[in-house]
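Participant: The following comprises the amino acid sequence and a computationally predicted model.
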Amino acid sequence: MLSEYFPVLLFLAVAAVIGVALLVLGNLFGPKKPAAEKFEAYECGFEAFEDSRMRFDVRYYLVAILFIIFDLEIAFVFPWATVFGELGLLGLVEMGVFLGMLVIGFVYVWKKGALEWE
């Protein structure tokens, strides 16, 4: 029975050897003293102008939550679309109610100004 798993074990062993060999080669032949720019924080091409612990506007979090909500909407729509033929009219009405509630929520957020960026 163990002979059936030999190709898998061989594959894992070869992958481990290659991974370790690449790390060792990089350590041996790589630069030992990187340039000073490598140790600086990357700030979109210009120098940092504030502390890294500054407060963010709540709109960042609102946009993130909206993205998660509408991303989850797609996660519910894809399985529904795959079995649409089996659900019939009741499935269509239920998905219509679900999407309608999401559209109402989107319009509410839009009217409240959560998507406005100043």
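Facilitator: Thanks, I have it.

Participant: So which bits of the lowest-mean-pLDDT helix or strand in the chain are buried?
Facilitator: The weakest-scoring helix or strand in the chain, judged by mean pLDDT, DSSP states H and E, is helix 58-82 (a mean of 81). Buried positions in helix 58-82, judged by neighbour count with 16 or more other CB atoms under 10 Å: 66, 73. Any C-beta I mention is one placed from the backbone N, CA and C, and that applies to glycine too.

Participant: Show me the contact partners of that helix.
Facilitator: The contact list for helix 58-82, computed with CB atoms under 8 Å, 6 or more residues apart in numbering, reads 87, 91, 95, 98, 99, 102, 105, 106, 109, 114, 115, 117.

Participant: For the second one, pull up the helix or strand it's in.
Facilitator: With secondary structure defined by DSSP states H and E, residue 91 is part of helix 84-112.

Participant: which other helices and strands contact that helix?
Facilitator: helix 58-82 (3 or more CB pairs under 8 Å, 6 or more residues apart in numbering; DSSP states H and E).
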